[in-house]
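J.: pasting the sequence and the predicted coordinates here, then a few questions.
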Amino acid sequence: MKILFVSLGCDKNLVDSEKMLGLLSQSGHTFTDDENQAEIIVINTCCFINDAKEESVNTILEMAEYKKSGSCRLLIVAGCMAQRYKQEIMDEIPEVDAVLGTSSYDEIAAVIRSLTEEGREHIQCFHDLNELPRTDTRIVTTGGHYAFLKIAEGCDKRCTYCIIPSLRGSYRSVPMEQLLKEAGELAERGVKELILVAQETTLYGKDIYGEKMLPKLLEELCKISGIQWIRIQYCYPEEITEELIDTIKREEKVCHYLDLPIQHASDRILKKMGRRTSQSELRNIVGRLRERIPDIALRTTLISGFPGETEEDHEELMQFVDEMEFDRLGVFAYSAEEDTPAAGFSDQVPQEIKEDRRDQIMELQQEIAFSKNQDETDRILEVMIEGKVADENTYVGRTYMDAPGVDGLIFVSADEELMSGDFVRVKVTGALEYDLIGEVYNEFA
């Protein structure tokens, strides 16, 4: 049958979607981008914050219309929203034929068989949240030259604003031999950059091996032929060890790039958030990383307007951002999620103030980013080509400092033809607010 697959939310959800696509292809289904042609529509949903929840609901309602006007026979909802609101979805959107939880997505083909061959209706497929779905197949949807490698599922941190442990279960590492097999297969299919993701990558292995094994995993991944870049995301600052820093510094394939979600810098707010670091510890970690790996690019994310955040807390965060000069930074206005402790805090900050504070931080970061980009002028960087600007001899690429989808780009002038996935040396010739401009570097020219 022809399937339209819609994947919403984060890169970790995308990995689940790609594994579902693999299972569906293995079962003989084909895929379409045309809603009117689709006989089955599958939506892998997100509900991490309110905006994501709204997008998921709107997408389900939009796709439900094709059961009336198109060829759609089955509408299936998977992912975080299905996990959280399974009964509400089935009760309020009767067009939905099945919901699958976050730990049961590997049943997608079996659920479709039950609906089509056995005549079952309104299936709810949910496994124990602490199970780890296992699939040996996957269709990469990111263009083929980079792929996300999800190394763990769930989280044990229990930050007061976060619903993830309720949706994804406790922290479970994927066994190393399974990851190495998957990474090897991705490399054989042309993937050159692996991006390690999890709710938290730094704790990898602690639950199954009794110790943090991210450095060892990196060493083993570096041995895989064809992989040129390995990028680490979602590193909790308090879990970064000297061994990890040594490995990033020593292994040539590991990008000098770390994503450290710190969320705030006021000790009072960090404590209310249930975070496990203080501002002084954050300063120490950032200082250590930059001292040991001077060219490291550090990305972080922050939350503005957390309950109880005063103007003084906000100014303290602004001062911290100004002094730390993160290379990449994103800010979310706090979103109160039901069933989280923070949603019940009495001192909620008005939406307008949350958004105003977010905008102030981003304006400051824009100045920092532009200044840092100007400092890159004349530097020679290795660049992965991602595409071409139409009707120009200009290509779009990324440096080791840039993760796809969230960071900047470099626009590269080239006389020769380049292909997506090519690595070229580029001389930086100019800077934009978040992006760089360069030209292919020929040292003999």
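T.: Yep, it's here. Here the structure is a predicted model, which means the values were calculated and not measured. Numbers count the residues shown, from 1 in each chain.

J.: for Phe332, give its distance to Ala78.
T.: Between Phe332 and Ala78 the distance, using Cβ to Cβ, to the nearest Å, works out to 24 Å. In this view, the C-beta of every residue, glycine as well, is placed from N, C-alpha and C.

J.: tell me which of the two has more neighbours.
T.: Higher neighbour count among Phe332 and Ala78: Ala78, with 28 against 17, using other Cβ atoms under 10 Å.

J.: so for that one, what's the pLDDT?
T.: Looking at Ala78, its pLDDT stands at 92.

J.: cool, Val426 as well?
T.: 95.

J.: can you check Arg398 too?
T.: Here, the pLDDT recorded for Arg398 equals 95.

J.: and if you look at the one 10 residues further on?
T.: We have a pLDDT of 91 for Gly408.

J.: Asp327 too?
T.: 95.

J.: Tyr257 belongs to a strand?
T.: Yes: membership of Tyr257 in a strand is supported by DSSP: H, G, I helix; E, B strand; the rest coil.

J.: for it, give the beta-bridge partners.
T.: Ala297 (DSSP bridges).

J.: what's the end-to-end length of stretch 167-187?
T.: Using Cα to Cα, to the nearest Å, one end of stretch 167-187 lies 31 Å from the other.

J.: contact partners of stretch 29-37?
T.: Here stretch 29-37 makes contact (Cβ atoms under 8 Å, 6 or more residues apart in numbering) with 1-5, 21, 24-25, 38, 40-41, 63, 66, 69-72, 109, 112.

J.: now, which of those lie within helices?
T.: Among the contacts of stretch 29-37, the ones falling in helices (DSSP state H) are Leu21, Leu24, Ser25, Met63, Tyr66, Ser69, Ala109, Ile112.

J.: now list the buried members of those residues.
T.: The neighbour-count test (16 or more other Cβ atoms under 10 Å) applied to those identifies Leu21, Leu24, Ser25, Met63, Tyr66, Ala109, Ile112 as buried.

J.: contacting residues for the third one?
T.: Looking back up the chat, that one is Ser25. Shown in contact with Ser25 (Cβ under 8 Å, 6+ apart): Phe31, Thr137, Ile139.

J.: buried subset of those, written for ChimeraX?
T.: Per 16+ other Cβ under 10 Å, the buried members of the contacts of Ser25 correspond to this ChimeraX selection:
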select :139
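
J.: dump the contacts of Ser25 to a markdown table, plus distance to Ile293, pLDDT and secondary structure.
T.: Formatted as a markdown table, the contacts of Ser25 follow (distance: Cβ to Cβ, whole Å; pLDDT from 0 to 100; DSSP: H, G, I helix; E, B strand; the rest coil):
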| residue | distance to Ile293 | pLDDT | secondary structure |
| --- | --- | --- | --- |
| Phe31 | 42 | 93 | strand |
| Thr137 | 37 | 89 | coil |
| Ile139 | 35 | 90 | coil |
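
J.: from the contacts of Ser25, which single one is nearest Leu258?
T.: Compare each of these with Leu258 using Cβ to Cβ and the shortest gap goes to Ile139, at 29.0 Å.

J.: low pLDDT regions in the protein?
T.: Low-confidence segments of the chain, defined by pLDDT under 70: 443-445.

J.: please report phi then psi for Glu88.
T.: Backbone torsions for Glu88, taken as degrees, to the nearest 10, come to phi -60, psi -40.

J.: mind listing what the closest residue to Leu23 other than its chain neighbours touches?
T.: Excluding the flanking residues, the one nearest Leu23 by Cβ to Cβ, 6 or more residues apart in numbering is Ala109, at 4.9 Å. Residues in contact with Ala109, defined by Cβ under 8 Å, 6+ apart, are Leu23, Leu24, Gln26, Ser27, His29.

J.: state the distance from Glu251 to Leu298.
T.: According to Cβ to Cβ, Glu251 and Leu298 sit 18 Å apart.

J.: between the two, which has more neighbouring residues?
T.: Between Glu251 and Leu298, Leu298 has the larger neighbour count (other Cβ under 10 Å), namely 23 against 16.

J.: residues in contact with that one?
T.: Applying Cβ under 8 Å, 6+ apart, the residues near Leu298 are Tyr257, Leu258, Leu260, Val286, Leu289, Arg290, Phe326, Asp327, Arg328.

J.: give me the secondary structure label for the nearest residue to the last one once chain neighbours are set aside.
T.: Think Arg328. Of all residues not flanking Arg328 in the chain, Arg299 sits nearest, at 3.7 Å (Cβ to Cβ, 6+ apart). On the three-state scheme (three-state DSSP), Arg299 is labelled strand.

J.: how many neighbours does Arg299 have?
T.: Residues near Arg299, counting by other Cβ under 10 Å: 21.

J.: equivalent analysis for Glu121, please.
T.: Neighbours of Glu121 (other Cβ under 10 Å): 9.

J.: how about Cys10?
T.: 18.

J.: also the one 10 residues further on?
T.: Look at Met20: counted by other Cβ under 10 Å, it has 29 neighbours.

J.: for it, which non-adjacent residue is closest in space?
T.: Ile108 (4.7 Å).

J.: just the strands in the stretch 151-300 of the chain please.
T.: Secondary structure of the stretch 151-300 of the chain (DSSP state E, counting those that start in this stretch): strands at 152-153, 172-173, 193-197, 229-232, 254-259, 297-304.
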